[in-house]
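Q: Got a predicted model here, sequence first, then my questions.
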Amino acid sequence: MKIQLINPNTSVAMTSGIAEAAGHLLRPGNQLLAVTNSAGPASIEGHYDEALAVPGLLQAIRDGEREGAEGHVIACFGDPGLLAAREIARYPVIGIAEAAMHLATWVATGFSVVTTLGRTKVIARHLVERYGFHAHCRGIHAVEIPVLALDADPDGLLHIMRAACLEALERDESGAIVLGCAGMSHLAAALQEEVGVPVIDGVSAALKMVELLGELRLSTSKRGDLDFPLPKPYAGYLRGFAVGA
């Protein structure tokens, strides 16, 4: 099974780091196809960034299926373009926030999210509400480190994240931590050991869910709103996004 891991931002270095952190979890024989968005922002840290990342993300989905991908992971905690991606894909598409939140409810009655910038907390809150986890998510916290600065000081980042996780667990009385950025994937194991509760990396969670869906021969329903887009012309620089183009 070939699984496409899509980094919706344009940072090749971040794509490599995400793939390295999670790729070893794949079952023997499965293959990871890690790709970087070819058009969009260098990092996704707001509504504007998210919107402009989606066209390139959708193109990556289309290209991936032409290359034989049988499942897709959107490796950004905002789950940008998730439903649109499910419309155009023949195979399962999983967003890392949705995957992580689902998994958190299997191991704790309440979880806390620890993310990058405070301005993105409302995006995470919107996802909590959309996915129906408002009774489970007890708090969303930010360490105020930009996405592209997460690798600047690895030891310092681990120290900051450890303190933020412990504070979130104490304040929220939660039983698990959800990491709120794909760029934090490599921290999950160390943080879990240090804080003593499940620490969930959405990239790893989403990859394993795609594998499971593939093994069960389940994919996105094409009845109703997630059927393939209706054929119609698109204008301007979006002309190539018309169905069948």
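A: That came in fine, so what should we check first?

Q: As a check, name the ranges of all strands in this protein.
A: Along the chain, the segments classed as strands by DSSP state E run 2-7, 31-36, 72-74, 93-95, 111-115, 137-142, 176-179, 199-200.

Q: could these be laid out in a markdown table, adding mean pLDDT, distance to K222 and mean neighbour count?
A: Backbone N, C-alpha and C define where each C-beta goes, glycine included. Listed next are those as a markdown table, based on pLDDT from 0 to 100; distance: least, CB to CB, whole Å; neighbours: other CB atoms under 10 Å:
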| stretch | mean pLDDT | distance to K222 | mean neighbour count |
| --- | --- | --- | --- |
| strand 2-7 | 98 | 19 | 26 |
| strand 31-36 | 96 | 23 | 18 |
| strand 72-74 | 98 | 16 | 30 |
| strand 93-95 | 98 | 13 | 28 |
| strand 111-115 | 98 | 32 | 27 |
| strand 137-142 | 98 | 31 | 20 |
| strand 176-179 | 98 | 30 | 29 |
| strand 199-200 | 98 | 30 | 24 |
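
Q: will you turn these into CSV that also has distance to I123?
A: Conversion of the strands of the chain to CSV gives the following (distance: least, CB to CB, whole Å):
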stretch, distance to I123
strand 2-7, 17
strand 31-36, 21
strand 72-74, 14
strand 93-95, 12
strand 111-115, 9
strand 137-142, 10
strand 176-179, 14
strand 199-200, 18
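
Q: and the residue most central in space within the chain, what pLDDT?
A: Nearest to the mean C-alpha position of the chain, by CA atoms, centre = their mean, lies I96 at 2.8 Å. Here the pLDDT value assigned to I96 is 98.

Q: Over to Y237?
A: For Y237, the model assigns a pLDDT of 87.

Q: Quick one: residues in contact with the one helix or strand in the chain whose mean pLDDT sits lowest.
A: Every helix and strand in the chain was compared by mean pLDDT, DSSP states H and E; the lowest is helix 12-22, with a mean of 93. For helix 12-22, contacts defined as CB atoms under 8 Å, 6 or more residues apart in numbering pick out 5, 7, 32, 34-36, 43, 75, 147-148, 151, 182-183, 185-186, 188, 201, 203-204, 207.
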